[in-house]
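Colleague: give me the fold of what follows.
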Amino acid sequence: MSNGEVRAVLIVGTLGSGKTAVAVELGDILGGRGVPNAVIDLDWLGWANSLGPERTIDELIVGNLEAVLENYLAAGVRHLVLTRAIDSQAQVDAIRAVLPGVELQVVGLEVSPGTAAARLQRRDSGSELAHNLEESARFTGVMKDLNVDHSIRNEDRTIGGVAAELLELLGRL
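Modeller: Modelled structure (predicted):
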């Protein structure tokens with residue numbers, strides 16, 4: 001795989017920042033333009049309970065990404081829209097390491113803690129809500145330490161507007 005042949009964007013942000021919604025919208029825009037793309041929510045690639053001590057969630061996610069990447073490439077996909085709640089630069093680096101030769105740009109979505117909490121309250125409940133509110137506060141603190149190529153504010157605007165701005169910032173995906 002030569003550099004530039006496959007392009008990817010990794011959309012990061014706190015829980016409730018709109019990562020998945022923006023990723024799906026971006027994939028739809030690209031698909032509407034006839035651009036072969038895949039939208040992959042990396043958090044789902046690590047959704048597992050009671051992992052043994054020999055494997056972490058981060059290792060599971062990057063291993064699964066590496067495994068599915070070959071299938072997407074074989075299907076003709078050359079544009080990846082990835083998303084994940086990231087809590088360290090090491091996680092970004094691990095994702096980049098399993099994408100050799102892929103032009104990867106990292107975009108951070110920014111929202112206020114109040115907006116993130118309101119979004120989580122609309123979608124989650126019970127112990128899941130309590131856990132996600134706590135995680136959202138933690139991820140918000142981590143975001144300022146990540147090396148991102150672009151940051152986009154995702155409050156009081158449409159998902160389509162955010163996705164269009166993201167696509168414009170990327171230049172081309």
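
Colleague: and the pLDDT at the most centrally placed residue in the chain?
Modeller: Central residue of the chain (Cα atoms, centre = their mean): residue 83, 1.1 Å from the mean position. Predicted confidence (pLDDT) at residue 83: the value is 97.

Colleague: that one in helix, strand or coil?
Modeller: strand (DSSP: H, G, I helix; E, B strand; the rest coil).

Colleague: run a quick neighbour tally on residue 43.
Modeller: 16 (other Cβ atoms under 10 Å). Every residue, glycine included, has its C-beta placed from N, CA and C.

Colleague: for the helix or strand containing residue 40, give me every contacting residue.
Modeller: Residue 40 is part of strand 37-41 when elements are defined by DSSP states H and E. Contact partners of strand 37-41, identified using Cβ atoms under 8 Å, 6 or more residues apart in numbering, comprise 19-20, 23-24, 26-27, 30-31, 65, 68, 72, 77-84, 173.

Colleague: take the residues you listed and keep only those in strands.
Modeller: Using DSSP state E to define strands, the subset of these located there is 79-84.

Colleague: how close does the residue nearest to the centre of the chain get to residue 104?
Modeller: Distance of residue 83 to residue 104, given as Cβ to Cβ, to the nearest Å: 13 Å.

Colleague: before we move on, what about residue 76?
Modeller: 19 Å.

Colleague: neighbour count: these two, which is higher?
Modeller: Between residue 76 and residue 104, counted using other Cβ under 10 Å, residue 104 has the larger neighbour count: 16 against 7.

Colleague: run the angle between the helix or strand containing that one and strand 79-84 for me.
Modeller: Residue 104 belongs to strand 102-110 when assigned by DSSP H and E. Interaxial angle, strand 102-110 versus strand 79-84 (axes from the mean of the first three to the mean of the last three Cα atoms, to 10 degrees): 40 degrees.
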